[in-house]
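In: Need the 3D shape of this:
(2 chains)
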Amino acid sequence: MNQLLSLTLLILLLLCRAEPLRADVVLVVNKSSDIVFLSKKHVIDIYMGRESTFPNGEDVVPLDQNVESPLRHEFYKQLVNKQVSEINAYWARLLFSGRATPPRSVDNNKSMLIMLQENKSFIGYIDQNNASDEVKIIHYVN
Amino acid sequence: MVTKRALIFLLLYAFSTIVISANTFEDNIRVHGFGTLGLIKAGNDSLGYRYNVAQEALFDEYSLKQNSNIGIQFDFKVSKKIDLNLQLLTRDRINNSFNKSVQTAYINYKFNPSFELRLGRSATDVYMMSEYRQVSFAQIWAHAPTEFYGHLAVDFSDGIFGLWKKSLFDGFLRTRLWFSQGKYSYITTEEIEIDMQPMMGVSLSWENNDWQLRLTYNQSYMDTNDGIFDSLEDALDMAVDLGWSQASQASKDLSVNNSWVRYYATGVAYNHNNWLVQSELGLITTETQLVGDIFTGYLSIGKRINSFTPFAMIGWSKTITGRPNSPPAPAPFSGLQQLSQDAFDLNYSDQKSLSLGVRWDIKHNIAIKAQWSRTWVDKYGGYLLAQPQPLSKNTQLDAYFLNVDFIF
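Out: Predicted coordinates:
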């Protein structure tokens, strides 16, 4: 009986841990950018190719995580509730009809942070735990 | 030829997996591509199935050519305001010249975030998917509805295109104007090219995260050096002098030269909570008796379930001005009269279809699709299909599609 109870508890514990923890995804810009906040709608419009400027009229260049990155999957799931394949199909429509080009992909969080430090026009997303003093958080995706 | 094409697909896919994380080899130059390896089984002995009226048809046979293609696109950012674009597409065509393979080639100038001007070759924007009709990965189906897109045998036009963009409610309104020229390809026993000059039109589309709404108007002036029924028209003209006085009317009705064709279209698409609903309605009006006015449309519903998206679609196309009749003729001209009547019947449209299928996104950039389509064609109504002879009775035919679509 004790063995059965232990086994049951173990199974329940495993089931509770089966779903991976969701990352806290944040939108970040260069720390010296004038932008302090973006609404969810504005973030969606930027990453879906409908908006090419910040609210103050300055150009914005969105950056994506690597296509194989779980963070990219998490970002679009939380932002627009779509899988990466759906986002790619959406961008194929825009790209090959000449309407817009998709965000530029970077290899990882480190590359993302380096690029954001180089240019105030860039906007990217990272795991909040990886945010550094060189960038400014302007939106919490979830 | 089929084996060579399949090998090219495999090589390009292998290449794409290598470059997929590095498809920007310089900051200002980006290279992307798309492709489909599509197997189709379609047609029967009396009706040939085809993608549109500019393609050769399948009569109860398999093909890897008709639904397959590969495209590559180069985008070059010259400056903050100027972009250059070149898109090449290879697919099954009667004429596969380099000129036909250049789908788009233009210079785009952004005056400001709201207005840009494009000069050069651009895809036609008459219907919702006209600009990316060849990009199967961007669509839910393995094969777009023939009843709607089969009428559009103009892939691109050369000219000037203006685009205005404005925020409206919680979405964006895009207004596009164009003034250009193109060629409409039409297959009978050979390829006929009809000049569409000028082509001019306007499209209004509004889009937010869930909805796309659209209205379009396009008009084109048709002219051709190779008439669709040149020999028949000559024979009818001669028949006037020989005793069939109304033959001149038949000859005139068979011609499409020096006339306008107008496209009116509206569309809606909804994508929310894994439901994908899309529908378009179109009206094509002509100044010719040969083709008449055609009402066309489709409705598609799909539901995404994890990586799978099953879908159902209906489509229809009907000449609403009725079946044209060749004028009555004296007995010696009955054969010629029947030939002219056959010519009218070959250009009469009356068909409906039902399609069922599923899309499987096996990777973020690869989708496999399977689709079955049944088409019911009313007597004489097979304009969109290839007919050795006008249909003498109602008929139906099935088409089966199996695609591997990819982008890189």
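
In: Please name the residues that touch B:R50.
Out: Listed by C-beta atoms under 8 Å, 6 or more residues apart in numbering or on different chains, the contact set of B:R50 reads B:56-58, B:66, B:146, B:150, B:187, B:384-386. C-beta coordinates here come from the backbone N, C-alpha and C atoms, glycine included.

In: ok, it to B:S300 distance?
Out: 20 Å (C-beta to C-beta, to the nearest Å).

In: before we move on, what about B:L276?
Out: Separation of B:L276 from B:S300 (C-beta to C-beta): 8 Å.

In: what do these two both touch?
Out: B:140, B:311.

In: Now do stretch B:40-58, average pLDDT.
Out: The pLDDT scores in stretch B:40-58 average 85.

In: Among B:L276 and B:S300, which residue is more densely surrounded?
Out: Neighbour count, other C-beta atoms under 10 Å in any protein chain shown: between B:L276 and B:S300, B:S300 has more, with 21 against 18.

In: ok, residue 40 - contacts?
Out: Let's take chain A. Applying C-beta under 8 Å, 6+ apart, the residues near A:K40 are A:79, A:139.

In: look at chain B instead
Out: Here B:I40 is in contact with B:49, B:58, B:62-64, B:66-67, B:143, B:399-402 (C-beta under 8 Å, 6+ apart).

In: Which of those residues has the largest number of neighbours?
Out: Highest neighbour count within these, by other C-beta under 10 Å: B:Y49, with 27 neighbours.

In: you'd agree that one is up against B:F401?
Out: No - counting by C-beta atoms under 8 Å, B:Y49 does not reach B:F401; the two are 10.4 Å apart.

In: Close to chain B: what parts of chain A are there?
Out: Residues of chain A found near chain B (C-beta under 8 Å from any C-beta of the partner chain) are A:41, A:44-45, A:48, A:50, A:52-53, A:59, A:66-68, A:80-81, A:83-86, A:88-90, A:92-93, A:95-99, A:101, A:104-105, A:107.

In: How about the residue in chain A that chain B sits nearest to: what's its closest non-neighbour residue?
Out: In chain A, the residue that lies nearest chain B is A:S97 (3.4 Å; C-beta to the nearest C-beta). Spatial nearest neighbour of A:S97, chain neighbours left out: B:E131 (3.4 Å); criterion: C-beta to C-beta, 6 or more residues apart in numbering or on different chains.

In: these two touch, right, the one you found and B:D125?
Out: Yes - look at B:E131 against B:D125 with C-beta under 8 Å: they come within range, at 5.8 Å.

In: Just the pLDDT for B:G243.
Out: Predicted confidence (pLDDT) for B:G243: 86.

In: Neighbours of it, how many?
Out: That count, for B:G243 with other C-beta under 10 Å as the rule, works out to 11.

In: What residues does it make contact with?
Out: Here B:G243 is in contact with B:330, B:332-333 (C-beta under 8 Å, 6+ apart).

In: Would you write a PyMOL line that selects the buried entries of those residues?
Out: Here is the PyMOL command that selects the buried residues among the contacts of B:G243 (16 or more other C-beta atoms under 10 Å in any protein chain shown):
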select buried, chain B and resi 333
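
In: just curious, which of the contacts of B:G243 is nearest to chain A?
Out: Looking across the contacts of B:G243 and measuring by C-beta to the nearest C-beta, the closest to chain A is B:F333, at 50.9 Å.

In: Spatially, which residue comes closest to B:W178, not counting chain neighbours?
Out: Among residues not flanking B:W178 along the chain, B:F161 sits closest, at 4.6 Å (C-beta to C-beta, 6+ apart).

In: My read is that that neighbour contacts B:S122, right?
Out: Yes - with contact defined as C-beta under 8 Å, B:F161 reaches B:S122; the gap is 5.3 Å.

In: Residues that sit against both of the two, list them.
Out: Shared contacts of B:F161 and B:S122 (C-beta under 8 Å, 6+ apart): B:106, B:178, B:180.

In: Give me the phi and psi for the closest residue to A:Q128 other than its chain neighbours.
Out: The spatially closest residue to A:Q128, leaving aside those adjacent along the chain, is A:D24, at 4.1 Å (C-beta to C-beta, 6+ apart). Here is the backbone geometry of A:D24 (degrees, to the nearest 10): phi -90, psi 100.

In: any weak-confidence spans in the chain?
Out: Defaulting to chain A. Residues of chain A that meet the criterion pLDDT under 70 lie in A:1-22.

In: nope, chain B please
Out: B:1-27, B:188-190, B:225-228.

In: Chain B against chain A: which residues are in contact?
Out: Near chain A, when you scan chain B using C-beta under 8 Å from any C-beta, you find B:20-21, B:24, B:30, B:32, B:34, B:71, B:73, B:75, B:80, B:85, B:87, B:104, B:106, B:108, B:113, B:118, B:122-123, B:131-132, B:134-135, B:137-139, B:170-172, B:207, B:209, B:273, B:304, B:307, B:361, B:363-365, B:367, B:407.

In: hmm, try it at 7 Å
Out: Within reach of chain A by C-beta under 7 Å from any C-beta of the partner chain, chain B has these residues: B:20-21, B:24, B:30, B:32, B:34, B:73, B:75, B:85, B:87, B:104, B:113, B:122-123, B:131-132, B:135, B:137-138, B:170, B:172, B:209, B:361, B:364-365, B:407.
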